[in-house]
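Novice: Have a look at this prediction, sequence included:
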Amino acid sequence: MATLKHLNPDCSTDEILDVLDKDAGLIIDNLIDKDQINKINADLDPYLKVDVYGRDDFTGFKTKRVGALIARSKACRDLALHKKINDVSKKYLEPHGDGYQLHFTSAVCIGPGESKQILHRDRGIWGGYLPRKVEPLMSTIWAITEFTKANGATQVVPGSHKWDKDRIPTEKEIAYAEMKPGSVLLYTGTVLHGGGQNETTDESRTGVFLHYALNWLRQEENQYLSCPPDVAKDLSPEIRSLIGYSKGGYVLGFYSDPHDKTATYESVSPENMFKDHLIDDFSSLPDPTELVSKSTK
Ligand SMILES: O=C(O)CCC(=O)C(=O)O
Ligand SMILES: [Fe+2]
């Protein structure tokens with residue numbers, strides 16, 4: 001059976017990138033401690049208690065999914081800003097864009113009796129229009145409960161990011177992301193994976209999913225609605241910027257304040273929504289010739 005490489009919490013970004021390049025999936029063991037898991041559980045418990053399940057085979061009739069984790073959970077905000085994960089996301093996505101953003105948040109709880117999810121590549125959310133040479137995603141699944149093959153550990157096909165799109169893995173080519181609570185699965189948008197079958201009668205498998213994407217792509221979870229300005233105003237500038245209240249280039253993602261008749265906030269970075277003075281990372285006018293020449297890679 002295929003296996004996923006396990007790295008220690010003190011592994012370097014370069015070691016992680018090497019394995020991502022080869023396998024497109026790996027586990028870092030024990031990256032967060034019990035105290036952090038308790039905080040995540042306490043934040044998510046009220047939402048995971050509600051009996052709302054998926055609506056089709058893909059989302060799973062016995063699987064609960066809770067989103068808007070940035071608005072709902074301080075512990076998940078801390079997790080989203082985890083330095084090692086952000087270092088990896090930045091470096092992994094660097095060849096394909098000028099920055100990255102948080103793209104999807106969800107707690108996924110696979111209940112007893114759930115069937116296995118079809119293997120897929122998450123890059124499919126953009127409808128297959130992205131050329132294969134663009135790697136759009138660096139994703140994490142944090143184990144909140146233990147992940148075992150029996151309770152629905154994520155299926156991952158190491159190396160399948162380099163496969164022809166129609167190649168179907170044999171059973172032996174599928175690895176299972178078995179890991180202890182506090183460990184994290186890293187995987188890319190191009191690797192084949194899917195939720196595992198939960199063949200237990202009394203165990204649920206809960207993971208916190210935080211996905212990071214190139215900042216020029218549309219986010220899977222609409223962060224401006226899942227974490228609207230009246231909630232975002234009380235969060236840190238770092239997390240606001242990560243979820244998209246920032247620009248992704250000279251003009252990409254600017255806004256104008258619809259209520260402002262003085263035109264103070266005209267074509268500015270969303271960061272200004274939360275400040276009383278103008279700030280703009282890209283405020284200096286670039287040399288137009290360079291801007292045009294950079295616009296086609
Ligand atoms: O629950 C899992 O382990 C994986 C779920 C997944 O890949 C998805 O819903 O896109
Ligand atoms: Fe997926």
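Specialist: Yep, that arrived. Numbering: from 1, shown residues only. Ligands and ions are numbered 1, 2, ... in the order given.
Novice: And the residue of the stretch 1-150 of the chain closest to ligand 1?
Specialist: Across the stretch 1-150 of the chain, the shortest distance to ligand 1 (CB to the nearest ligand atom) belongs to V108, at 4.5 Å. Glycine gets a C-beta too; all of them are placed from N, C-alpha and C.
Novice: ok, the helix or strand harbouring that residue: who's next to it in the sheet?
Specialist: Per DSSP states H and E, V108 falls inside strand 100-110. Strands flanking strand 100-110 in the sheet, each with its direction: strand 63-66 (antiparallel), strand 205-214 (antiparallel) (DSSP bridges).
Novice: The residue nearest to N272 when sequence neighbours are not counted: what's it in contact with?
Specialist: Leaving aside its chain neighbours, N272 sits nearest to Y265 (5.4 Å; criterion: CB to CB, 6 or more residues apart in numbering). Neighbouring residues of Y265 by CB atoms under 8 Å, 6 or more residues apart in numbering: 255-257, 272-273, 278.
Novice: can you pull up the bridge partners for the residue of the stretch 1-150 of the chain closest to ligand 1?
Specialist: Where V108 sits in a bridge, its partners, by DSSP bridges, are R65, G207.
Novice: Please list all residues in contact with it.
Specialist: 63-65, 141, 195, 206-207, 209.
Novice: residues from the stretch 51-200 of the chain in reach of ligand 1?
Specialist: 108, 110, 117, 122, 154, 193-195 (CB under 6 Å from any ligand atom).
Novice: I'd like the contacts of Y265 as JSON lines, with distance to ligand 1 appended.
Specialist: Shown next, in JSON lines, are those (distance: CB to the nearest ligand atom, whole Å):
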{"residue": "Y255", "distance to ligand 1": "30"}
{"residue": "S256", "distance to ligand 1": "35"}
{"residue": "D257", "distance to ligand 1": "36"}
{"residue": "N272", "distance to ligand 1": "35"}
{"residue": "M273", "distance to ligand 1": "31"}
{"residue": "L278", "distance to ligand 1": "40"}
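Novice: mind putting the residues you listed in a markdown table, pLDDT and secondary structure included?
Specialist: Output for the contacts of Y265, formatted as a markdown table (pLDDT from 0 to 100; DSSP: H, G, I helix; E, B strand; the rest coil):
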| residue | pLDDT | secondary structure |
| --- | --- | --- |
| Y255 | 95 | strand |
| S256 | 95 | coil |
| D257 | 93 | coil |
| N272 | 92 | helix |
| M273 | 93 | helix |
| L278 | 82 | coil |
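Novice: Was I right to think L69 contacts D78?
Specialist: No - contact criterion CB atoms under 8 Å: L69 and D78 do not qualify, at 11.1 Å.
Novice: of these two, who's got more company?
Specialist: L69 (27 against 15; other CB atoms under 10 Å).
Novice: What distance do you get for that one to L137?
Specialist: Distance, L69 to L137, using CB to CB, to the nearest Å: 17 Å.
Novice: Check K39 too.
Specialist: Going from K39 to L137 by CB to CB gives 26 Å.
Novice: What is the subsequent helix or strand relative to the strand holding V108?
Specialist: Counting by DSSP H and E, what follows strand 100-110 is strand 137-143.
Novice: can you put the contacts of Y265 in CSV and add neighbour count?
Specialist: Below are these laid out as CSV (neighbours: other CB atoms under 10 Å):
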residue, neighbour count
Y255, 17
S256, 10
D257, 14
N272, 18
M273, 15
L278, 12
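Novice: and of those, the nearest to T148?
Specialist: Closest approach to T148 among the contacts of Y265 (CB to CB): M273, at 44.6 Å.
Novice: Chain neighbours aside, what residue packs nearest to that closest one?
Specialist: P229 (5.8 Å).
Novice: S89 too?
Specialist: Nearest one to S89, counting by CB to CB, 6+ apart, is Y212 at 4.0 Å.
Novice: can you pull up the bridge partners for the one you found?
Specialist: Following DSSP bridges, Y212 is listed with bridge partners L102, M138.
Novice: from memory it sits against S139, does it?
Specialist: Yes - under the criterion of CB under 8 Å, Y212 makes contact with S139 at 7.1 Å.
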